[in-house]
Every structure is written in C-alpha cells, then in structure tokens.
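J.: I'd like to go over a predicted model; first the sequence, then the structure.
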Amino acid sequence: MDDDILNTIFDSAIKNKNIIKNRRVLTIDYVPDKLLFRTKESTAIAQSLSVILKNGRPSNLLIFGKPGTGKTAVVKNVIEHLHNKTNQLDINLRFPFINAKNSNTPYKILYEIAEFLGINKEEKKMQVFFTGLSMSEATDRILDFIKRKSIKIVLVIDEIDSIVNRKGDDILYNFTRANERISSDQFISLIGISNSLTFKDKLDPRVKSSLSEEELVFNPYTVEQLKQILIDRCKLAFYENAIPMGVINLCAAIAGRETGDARKAIDLLRVAAEIAERSMTKKITEDHIRSAQQKIDSDTNFEILTNSTLHTKIVILSIIKSKNGSTGEIYGIYQYFCSRLEQEPLTQRRMTQIVGELDQLGLITTNIINQGRYGRTQRIKLHIHISSVKEVVKNDPLLSSFIKDISN
DNA sequence: ACTCCACAGGAATAACCGGGCG
DNA sequence: CGCCCGGTTATTCCTGTGGAGT
C-alpha cells in the first residue's frame, strides 16, 4: 500500500518531464551568455577593463545597484570574455572573485585570494595559511607572489559593503595602495560590487577616492524588461508550451511591483515550476505562480518571525489580538501578555519603534489616523497570514500556550 | 477659533552585548 | 582574564500635530 504510493511518486517523477528542461538555468548562480538590457553597463565595464589589452592598468571600479539588477552577472560575463582574450594574447591576468558576505573576515578574504591564485602550491614559507599569519604578512606574501610571477590582477569583491561595516577598510586600503609597491607591468585593480547606494559614505576617505575612480549604477529592471528576461530564460529552462505568456506576464508584474528584482522573478518561476511538476500537470498556470509566491512569502515571513526576539513576537501577538489596532490598545494587550509571561514590558516608545521595524519588514501595515478629539494614533494591521504566526508560536516553547489566544 | 486628546517620532542618553586585544 | 570599543537595544524626555468637540 505504502509501496504503491511511493512508486507512483517516483514513477511520475520519471515520466513527468514535461515542464523543466534545464533546472540549472533557474538557479541563482547561473550566468546567461548575453544579458538583456545591460549592454550599456557591460560596455562601460569592458571599456574600462580594455586598457589591460593595451598593457595599461584599469581604474578601480565601484558598482552600485539594488539586489537582482544583474551586477554580479554582468561583471562575471565581461570578465569571462576578457579572460578569453587575455589567454589568446598571453597576458597573465587573474581575476579572483570573492564574495565578501561568505568570507566575512578580512583575513578570510586574503586567504581566498591566495587560494585562488594558487599560492599554496608554492614553497611552504611563501604560502598563506588558513590561519596563523598576521594580516600584513599575508598581504606581503600575496604581493610578493604577484611580483615574482608578474601577474596582473583584477580583484572582484562582491557585496563589498559587508566588509566595510566590519572594520575591513584596511584590506581595501592595502589593495588600492598595493600598486605603489609593485612594478609597472603588474597591477592590482579592484572592482567592488555593492548593494547599498550609501555605502560610499561609510568608507574611509583615503580608500574612497582611490576605490571609486570610476563608478557605475545599475538601475532596477522595468516590468517590461523583466518580462523579456523571463521569456529568454524560459526558452532554456522549460519545454515548449509548458509556460503560457500570461504566466510570464504575471511573474514579471509581481517582481516588478516590488523592486524590479530579476532574481526574485526567476525564483518565482522556479518554485512555481516545482509546484507544477509535483501536481503532475503539463503546464505552469497562474495559480502555480500565486502559490509559489505564497510559499516564498510565508517561508521568508516564517524565517523573520522565528529569528525575532521574544518581545517582537509578543507585539505581533498583541496586534493579532487587538480589535482596532491603535497603539494604546496594542500596548495594553502587550503589557497583559508580558505579565502572563512574567516579563518586564518594554516602554511604549520602544514598542512603537518595534512596530515601525515590523512595518519595514512588511509583516504589518501601519496608517496614521487622526481622530480629532480622540487623538492621533496608528492603525496597525497584520499584513501576513495568521497561519505563519501560529506556526512560529507553536514552535516557541515560551509562547506555545498563547496559541489559543489568537485562534479566534 | 481654540482646546486638547493620544499618540508620533526625534534627540540624548544609558544599558547591554559580542568581539578583539594586550 | 579584564578591558575597551563599536554597535544595538531600550529608556527618558521631549516637541509636534490634525481635527472632533466645544
């Protein structure tokens, strides 16, 4: 009996290959051959780097743009082409691609660079070890290696903003100044990719000027552009006729409404396709997209909620429990909940701050309303489905007894 | 026209917390 | 180990405000 169920699942997984042709195309790190609507940016980067082919040193480059605007993909793409050219011309160019978010300490970044360059195949006293060297020694060894092998380097640091926050200016400073320490036919050029537009202000002024010799801003895609991108991607990812036009339109509209995030649009498509496959249909429908969005949303909401603090959760519960959603009412309920938990309640000021943060995260919506004689307050409403909150409450040992409080 | 509710939300400041360093 | 430092969290105190009620 159970065997039968399992067999049907597996059988249909084998048989039902009507939708996804190439799953890899829909993953995050897939870089398409040609990037739509980014020719301007591509050429800008290519031009800046092309001086390498004329034996020059390219300017350091700083790239800004919201997530999912194709920054990383464009850079990878340009560099790949450039690499082909330099190989033909016998130019010894290397381009370490470091994601600063993954290697979050400055030393780890040095180590990754060293790994990439293959320094650790060298003699022992020239290696950069996983640990044990001082920052300056590691930098020296890398520079030394570059000098001996006369390598030209274009160092790409993705999500560069995350190391600046964490006291990582020094490493950037060292690298931007490194050119002074090596001879003229070698160089280190830096391409920094940042999600935050304000990141430049946080930089040490010494680094700022040299790092941003050139700048490039990636604007979000429009809905129409997203649509084209999706059409393009669908041709590779899905079998013919598996995905109607209307579905693509919906997908683009959903992603465009928020931030013009192409990654999100493609994510949406992938999850929808998975849902469709599981339900054993031959086509992806608009309903699949909608349930995919729901799944993605509730997953992220669940993530946010489980990771938030106890008091934030209590505030959410108070919002659910409240009738008209005014600050005063919610604070009252909140205090009551705190007393039941034998928790010292936070001040109302702090609670309004938390409410503001939740609003930012999109878990709730707030509206300031004036009630004249009866003052001025917010109308706070839950913006997500109660079921995801329930799920979180159930899993929280302290709060699990509150599940019945929000059940009606 | 004036009052005054019920907060919003800014500024200053204190408490706390995790990581680096001698 | 204690100490310091930067960042976050929370408190205190505060000024500002749109419009129903009078």
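T.: In hand now; what should we look at?
J.: Look up how far A:Ile403 lies from the closest residue in space to A:Ala262 that isn't next to it in sequence.
T.: In this structure, A:Ala262 finds its nearest non-sequential neighbour in A:Gly68, 4.8 Å apart by C-beta to C-beta, 6 or more residues apart in numbering. For glycine as for every other residue, the C-beta is placed from the backbone atoms N, C-alpha and C. Between A:Gly68 and A:Ile403 the computed distance is 36 Å (C-beta to C-beta, to the nearest Å).
J.: more neighbours, those two?
T.: It is A:Gly68, of A:Gly68 and A:Ile403, that has more neighbours when counted by other C-beta atoms under 10 Å, with 25 against 14.
J.: Report the contact partners of the more buried one.
T.: For A:Gly68, the contact set (C-beta atoms under 8 Å, 6 or more residues apart in numbering) comprises A:220-221, A:259-265.
J.: try A:Ile231
T.: With contact taken as C-beta under 8 Å, 6+ apart, A:Ile231 is in contact with A:Ile248.
J.: before we move on, back to that, lowest-confidence entry in the contacts of A:Gly68?
T.: Ranked by pLDDT, the contacts of A:Gly68 bottom out at A:Thr259 (76).
J.: Quick check: that residue vs A:Val247, distance?
T.: Counting by C-beta to C-beta, the gap from A:Thr259 to A:Val247 is 20 Å.
J.: Have a look at these two and say which one is more surrounded.
T.: A:Val247 (22 against 15).
J.: isn't that one right up against A:Glu286?
T.: Yes - under the criterion of C-beta atoms under 8 Å, A:Val247 makes contact with A:Glu286 at 5.6 Å.
J.: Of the contacts of A:Gly68, which qualify as buried by neighbour count?
T.: With burial judged by 16 or more other C-beta atoms under 10 Å, the buried subset of the contacts of A:Gly68 is A:220-221, A:260-265.
J.: mind showing which ranges of chain A have poor pLDDT?
T.: A:1-2, A:9-18, A:102-106, A:120-134, A:162-170, A:183-184, A:197-206, A:408 (pLDDT under 70).
J.: Residue of it nearest DNA strand B, please.
T.: Scanning chain A for proximity to DNA strand B using C-beta to the nearest atom of the strand identifies A:Gly375 as nearest, at 1.7 Å.
J.: What count of nearby residues applies to that residue?
T.: Residues near A:Gly375, counting by other C-beta under 10 Å, number 11.
J.: swap in A:Ala276?
T.: 27.
J.: try A:Leu305
T.: Neighbour tally, A:Leu305, other C-beta under 10 Å: 22.
J.: I'd guessed it sits against A:Ile316; true?
T.: Yes - counting by C-beta under 8 Å, A:Leu305 touches A:Ile316, with 7.1 Å between them.
J.: Identify the contacts common to these two.
T.: A:363, A:389.
J.: Distance check, the residue of chain A closest to DNA strand B against A:Gln353.
T.: For A:Gly375 relative to A:Gln353 (C-beta to C-beta), the value is 19 Å.
J.: how about the residues of the stretch 301-408 of chain A that lie near DNA strand B?
T.: A:326-329, A:348-349, A:352, A:355-356, A:368, A:371-378 (C-beta under 7 Å from any atom of the strand).
J.: Now, of those residues, which are buried?
T.: Here, 16+ other C-beta under 10 Å leaves A:326-327, A:329, A:352, A:355, A:377-378 buried among these.
J.: Counting only helices, which of those make the cut?
T.: Here DSSP state H is the test, and those give A:327, A:329, A:352, A:355 as lying in helices.
J.: close enough to count as contact, A:Ile314 and A:Ile333?
T.: No - A:Ile314 is not in contact with A:Ile333 according to C-beta under 8 Å; the separation is 9.1 Å.
J.: With neighbour numbers in mind, choose between these two.
T.: Between A:Ile314 and A:Ile333, counting by other C-beta under 10 Å, A:Ile314 is the more crowded of the two (26 against 20).
J.: thinking again about what came up before, dump the buried ones among the residues of the stretch 301-408 of chain A next to DNA strand B to a markdown table, plus distance to DNA strand C.
T.: Shown next, in a markdown table, are those (distance: C-beta to the nearest atom of the strand, whole Å):
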| residue | distance to DNA strand C |
| --- | --- |
| A:Ser326 | 13 |
| A:Thr327 | 11 |
| A:Glu329 | 17 |
| A:Thr352 | 9 |
| A:Val355 | 12 |
| A:Thr377 | 9 |
| A:Gln378 | 11 |
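J.: Kindly indicate which of those residues lies nearest A:Asp33.
T.: A:Val355 (47.0 Å; C-beta to C-beta).
J.: Touching, that closest one and A:Thr327? I think so.
T.: Yes - assessed by C-beta under 8 Å, A:Val355 is found in contact with A:Thr327 at 7.4 Å.
J.: Mutual contacts of these two, please.
T.: A:378, A:380.
J.: A:Pro176 and A:Leu399: what is the separation?
T.: Actually, residue A:176 is Thr rather than Pro. A:Thr176 is 50 Å from A:Leu399, where distance means C-beta to C-beta.
J.: ah, wrong one, I meant A:Ser150
T.: Distance from A:Ser150 to A:Leu399, by C-beta to C-beta: 63 Å.
J.: and what of A:Leu89?
T.: Per C-beta to C-beta, A:Leu89 is found 64 Å from A:Leu399.
J.: how about the helices in the stretch 201-350 of chain A?
T.: A:205-211, A:223-237, A:245-258, A:262-278, A:286-307, A:310-321, A:327-340, A:348-361 (DSSP state H, counting those that start in this stretch).
J.: ok, A:Leu89 and A:Leu399, which is more surrounded?
T.: A:Leu399 (20 against 10).
J.: any idea which element the residue nearest to that one when sequence neighbours are not counted lies in?
T.: Closest residue to A:Leu399 apart from its sequence neighbours, by C-beta to C-beta, 6+ apart: A:Val393 at 4.9 Å. In the assignment (DSSP states H and E), A:Val393 maps to helix A:386-395.
J.: what about dumping the CA coordinates of that helix to CSV?
T.: Below are the C-alpha coordinates for helix A:386-395, written out as CSV (Å, rounded to 0.1, in the frame of the first residue of the first chain):
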residue,chain,number,x,y,z
ILE,A,386,-2.2,34.3,10.7
SER,A,387,-1.2,30.7,10.0
SER,A,388,2.5,31.6,9.6
VAL,A,389,2.4,33.3,13.0
LYS,A,390,0.7,30.3,14.5
GLU,A,391,3.4,28.1,13.1
VAL,A,392,6.0,30.2,14.8
VAL,A,393,4.1,30.4,18.1
LYS,A,394,3.7,26.7,18.2
ASN,A,395,7.4,26.2,17.9
